[in-house]
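K.L.:
how does the following fold in three dimensions:
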Amino acid sequence: MLILDGNFKRMQTTVKEMNLEKLRNIGIIAHIDAGKTTTTERMLFYTKKIHKVGEVHDGTATMDFMVQEQERGITIMSAATSCFWNDLQINIIDTPGHVDFTVEVERSLKVLDGAVIVFCAVAGVQPQSETVWRQADKYSVPRLAFANKMDRVGADFKNVLDDMHQKLGANAAAIQIPVGAEENFSAIIDIIEEEIFSFEGEKGEKIVRGPAPAEYKEKIAQAKHLLIEKVAEGDDALMELYIHEKPVSKEELKRAIRATVIANKFVPILCGSSLKNKGIQLVLDAVCDYLPSPLDMPVIKGFEPESGEYEERQVSQDAPFCGFCFKLMSDPYVGRLNFVRIYSGKVKAGETIYNSSKRENERLSKIVRMHANKQETVDVACAGDIVAFVGLKETKTGDTLCHEDKPIVLEAIKFPEPVVDLAIETKTKADQEKLAFALRKLQDEDPSFRVTYNTETAQTIISGMGQLHLEIAVDRILREFNVEATVGRPQVAYRESIRNKVNITGKFIQQSGGRGQYGHVVITMEPQEVPGAGITFEDTLKGGAIPREYIPSVKNGIVMAAKSGVLGSYPVTDVAVTLVDGSYHEVDSSEIAFQMAASIAFTDGLRKGGSFLLEPIMDIEIVVPEEFMGTVIGDFNSRRGKLMSMGQRGNVRVLRGHVPLAEVFDYANIIRSLTQGRASFTMEPFCYQEVPRDIANKVLGLK
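P.N.:
Numbers count the residues shown, from 1 in each chain. Below you'll find the model as predicted:
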């Protein structure tokens, strides 16, 4: 029996010397609490990047460096690091698992070459597991699966496999089988090598390796047959051997697994327990053996910013420089950090680089390699690397960086629309400027965090992906930026309009001894033919009934009056106003007189034209598993929703419809409770529609 030291000596290779074949850019993705950060922590320990293991539950995990992460025991912000294993450099991004921070997963997967998706061996495929799986599908990211927590009560490795087949529709098979489960979980058998691995030492750093026990021979043979069958579905050479029942060598099987993983046709499944220090070294081996290097990925596609013509970049250090900014972070010492994936060429600190998305030059003062929130300065960064740039002023998430003489623009990231709003205001006027600064910083860092000012309710509205998302944002505003602020639910921005066409006369006449005021207009008001057209003004006067210099004042009076309706002082919309007649006085007429006359006419026209209340309607898309569809549709209908279409996307149903905004405040929490957290949704403003009479009466405080 051979005893190996699982801790390999860290390489001292510089970026300039790095062979792209020996580079892996991976992300750790999963449902919340599946063990991503704990798994990452063990990876860093076994690769000698850290010398003491931190724990999430103690708030000492390396990658959870934010105060809010340490207090809550969850990952909020994706964090990057790099380490070395088996002569390979592995750049790792640890991502959040909570659905409110799914944008962190989205932008990480955009720039990664591979991923390790962690499943809880007890719970199997959980709701956010499905979400991150779909995100990985969206960006065609090859992945490995790791069934974690095999030591927990209720752990069932077979259940994880079955869940992956049924809920995710994955072509997956085990390359390992556990020896025992729950408290009896003691070792792991490698199906390909037909060897058993156990982990000894205080932190499982000693790997004890030997031939698989005889009693597992049949189980190994069955698992290997299934593995070959699944891999052969995506590999012609292996299929040829399988069909003709020829023996398959270890080398041929490993080659086929790597080829099918890179082609996104197969997902190998491993097992272990991160907390109990079992199996992580084998996950690192699998990352090196099966996940792609930058050279295995397709060429980088984009377009030339001036001509719009198709452009591409080869993944090579000799190609022109091209990088993509996927994340911003504020550092208290160096200021803004732009996280950049370099796809081609190389770049040196001190160079001037070109932001082709904004068409501006930027001075790159420093390049750093990140280890969570710690930095290591490097002189040069090359193709395949993930680093942070210091000194960029205008570059934001989704921007492409290159050299000005060889410009290219890569496809930006499309972020989901925020679904939850809160009103925020400062307690003192002195804090208003600090709040504005804090909100700008948070918006720069997080594209799913939006800030708007509602002029109708005089509220600053912050919008995010969920209640927790906004809670964290508010907590950061209070702590990091020392702003005294209060939050509350915003009001729905209702509107008013009219039903009927009316002809209205407006007069403003004042006489008080000296020069008086005289303004007289005749207007028609009618509903707009096209909803959403707003307020329009047309002048059809003939014969000089009103001098031309007073016409702009008439329009201003209508615009002013439209800011406040007659029902609940809500803004007026979708009314076409036409000036048809009027009169003037050579001495007493003035701009203000005609402005007031128009305002009086418009307000009178609202009353006579049958003014009614409008509410914002949202266009909503709900992605829901089949078994919860009836429940979701029933609840949707009860919220005055109108279902427009039902479709299928993979193994989930997609519902599209329209629903009043007033009915879907806090909908993120509602739909999670209805579907055990397995559904997701996006929505955006669609139009304004009439509020039903009974609800309008409640809004207006009428009986």
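
K.L.:
can you pull out the strands in the stretch 51-200 of the chain?
P.N.:
79-85, 88-94, 114-120, 143-148, 172-174, 176-179, 187-190, 195-200 (DSSP state E, counting those that start in this stretch).

K.L.:
figure out which of those is closest to Ala34.
P.N.:
strand 114-120 (4.6 Å; CB to CB). In this view, the C-beta of every residue, glycine as well, is placed from N, C-alpha and C.

K.L.:
give me the mean pLDDT for the closest one.
P.N.:
What strand 114-120 shows for mean pLDDT is 94.

K.L.:
give the rounded mean pLDDT of stretch 72-86.
P.N.:
What stretch 72-86 shows for mean pLDDT is 83.

K.L.:
again but with stretch 382-399, I slipped
P.N.:
92.

K.L.:
first to last residue in that stretch, what's the distance?
P.N.:
Terminal residues of stretch 382-399 lie 18 Å apart, using CA to CA, to the nearest Å.

K.L.:
let me have the strands of the stretch 51-200 of the chain in JSON lines, extended by distance to Leu478 and mean neighbour count.
P.N.:
Below are these laid out as JSON lines (distance: least, CB to CB, whole Å; neighbours: other CB atoms under 10 Å):
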{"stretch": "strand 79-85", "distance to Leu478": "23", "mean neighbour count": "22"}
{"stretch": "strand 88-94", "distance to Leu478": "26", "mean neighbour count": "24"}
{"stretch": "strand 114-120", "distance to Leu478": "32", "mean neighbour count": "26"}
{"stretch": "strand 143-148", "distance to Leu478": "35", "mean neighbour count": "28"}
{"stretch": "strand 172-174", "distance to Leu478": "45", "mean neighbour count": "23"}
{"stretch": "strand 176-179", "distance to Leu478": "46", "mean neighbour count": "22"}
{"stretch": "strand 187-190", "distance to Leu478": "46", "mean neighbour count": "20"}
{"stretch": "strand 195-200", "distance to Leu478": "44", "mean neighbour count": "19"}
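
K.L.:
for those strands, give me TSV that also has distance to Lys555.
P.N.:
TSV is the format used below for those (distance: least, CB to CB, whole Å):
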stretch	distance to Lys555
strand 79-85	55
strand 88-94	55
strand 114-120	58
strand 143-148	60
strand 172-174	66
strand 176-179	75
strand 187-190	78
strand 195-200	79
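
K.L.:
for the ones you listed, which one sits closest to Gly568?
P.N.:
strand 79-85 (48.2 Å).

K.L.:
can you pull the alpha-carbon coordinates of that closest one into CSV?
P.N.:
Extracted in CSV, the C-alpha atoms of strand 79-85 (Å, rounded to 0.1, in the frame of the first residue of the first chain):
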residue,chain,number,x,y,z
ALA,A,79,-14.1,36.0,-4.6
ALA,A,80,-11.1,35.0,-6.7
THR,A,81,-7.9,33.3,-5.8
SER,A,82,-5.3,31.0,-7.5
CYS,A,83,-3.3,28.0,-6.4
PHE,A,84,-1.1,25.3,-7.9
TRP,A,85,-1.7,21.5,-8.0
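
K.L.:
pairing partners for that strand, with directions?
P.N.:
Next to strand 79-85 in the sheet, as set by DSSP bridges, lie strand 88-94 (antiparallel).

K.L.:
quick check: the residue positioned nearest the centre of the chain vs Ala438, distance?
P.N.:
The centroid of the chain falls nearest to Val103 when counting by CA atoms, centre = their mean (1.9 Å). Using CB to CB, to the nearest Å, we find Val103 at a distance of 19 Å from Ala438.

K.L.:
what comes up buried for stretch 645-665?
P.N.:
By neighbour count on 16 or more other CB atoms under 10 Å, the buried set for stretch 645-665 is 652-653, 655, 657-664.

K.L.:
strand partners of the helix or strand that contains Leu401, parallel vs antiparallel please.
P.N.:
Taking DSSP states H and E as the criterion, Leu401 maps to strand 400-402. Note on strand 400-402: by DSSP bridges, its sheet partners are strand 322-331 (antiparallel), strand 352-355 (antiparallel).

K.L.:
winner for burial among those strands?
P.N.:
Sort those by mean neighbour count, taking mean count of other CB atoms under 10 Å, and strand 322-331 sits at the top with a mean of 22.

K.L.:
that older thread, ok, and what's touching the strand holding Leu401?
P.N.:
302, 320-325, 340, 353-357, 362, 389, 395, 408-410 (CB atoms under 8 Å, 6 or more residues apart in numbering).

K.L.:
switch to 7 Å and redo it
P.N.:
302, 320-325, 340, 353-357, 395, 408-410 (CB atoms under 7 Å, 6 or more residues apart in numbering).

K.L.:
after that strand, which helix or strand is next?
P.N.:
Per DSSP H and E, strand 400-402 leads on to strand 409-410 as the next helix or strand towards the C-terminus.

K.L.:
other SSEs contacting that following strand?
P.N.:
If you count contacts as 3 or more CB pairs under 7 Å, 6 or more residues apart in numbering; DSSP states H and E, strand 409-410 packs onto strand 300-303.

K.L.:
check the offset of the strand it packs on from the chain's centre.
P.N.:
22 Å (CA atoms, centre = their mean, to the nearest Å).

K.L.:
do the same with stretch 63-81
P.N.:
17 Å.

K.L.:
and what of stretch 77-86?
P.N.:
With CA atoms, centre = their mean as the basis, stretch 77-86 stands 21 Å off its chain's centre.

K.L.:
any chance you could map the helices in the stretch 1-150 of the chain?
P.N.:
Under the criterion DSSP state H, counting those that start in this stretch, the stretch 1-150 of the chain carries helices at the ranges 36-46, 67-72, 102-111, 127-138.

K.L.:
same question for the stretch 451-600 of the chain.
P.N.:
Going by DSSP H, counting those that start in this stretch, the stretch 451-600 of the chain shows helices at 467-479, 551-561, 591-608.

K.L.:
now those in CSV, with mean neighbour count?
P.N.:
Converted to CSV, these look like this (neighbours: other CB atoms under 10 Å):
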stretch, mean neighbour count
helix 467-479, 19
helix 551-561, 21
helix 591-608, 22
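
K.L.:
for those helices, which has the smallest mean pLDDT value?
P.N.:
Among the helices of the stretch 451-600 of the chain, helix 467-479 scores lowest, with a mean of 86.

K.L.:
need the residues that contact that helix.
P.N.:
For helix 467-479, the surrounding residues in contact (CB under 7 Å, 6+ apart) are 67-68, 76, 98, 100-101, 420, 422, 435, 438, 442, 449, 462, 464, 483, 485, 487, 668-669.

K.L.:
looking at the protein, which helix or strand does the model trust least?
P.N.:
strand 2-5 (a mean of 39; mean pLDDT, DSSP states H and E).

K.L.:
with adjacent residues omitted, what lies nearest to Ile424?
P.N.:
Counting by CB to CB, 6 or more residues apart in numbering, Ile424 lies nearest to Val487, which is 4.9 Å off, once chain neighbours are set aside.

K.L.:
pull up the gap between the one you found and Pro418, please.
P.N.:
Between Val487 and Pro418 the computed distance is 15 Å (CB to CB).

K.L.:
and the two? Which one has more around it.
P.N.:
Legend: neighbour count by other CB atoms under 10 Å for Val487 and Pro418, higher for Pro418 (24 against 16).

K.L.:
before we move on, which element is the more buried one in?
P.N.:
Per DSSP H and E, there is no helix or strand for Pro418.

K.L.:
quick one: it and Ser463 touch, right?
P.N.:
Yes. Counting by CB atoms under 7 Å, Pro418 does reach Ser463; the two are 3.7 Å apart.
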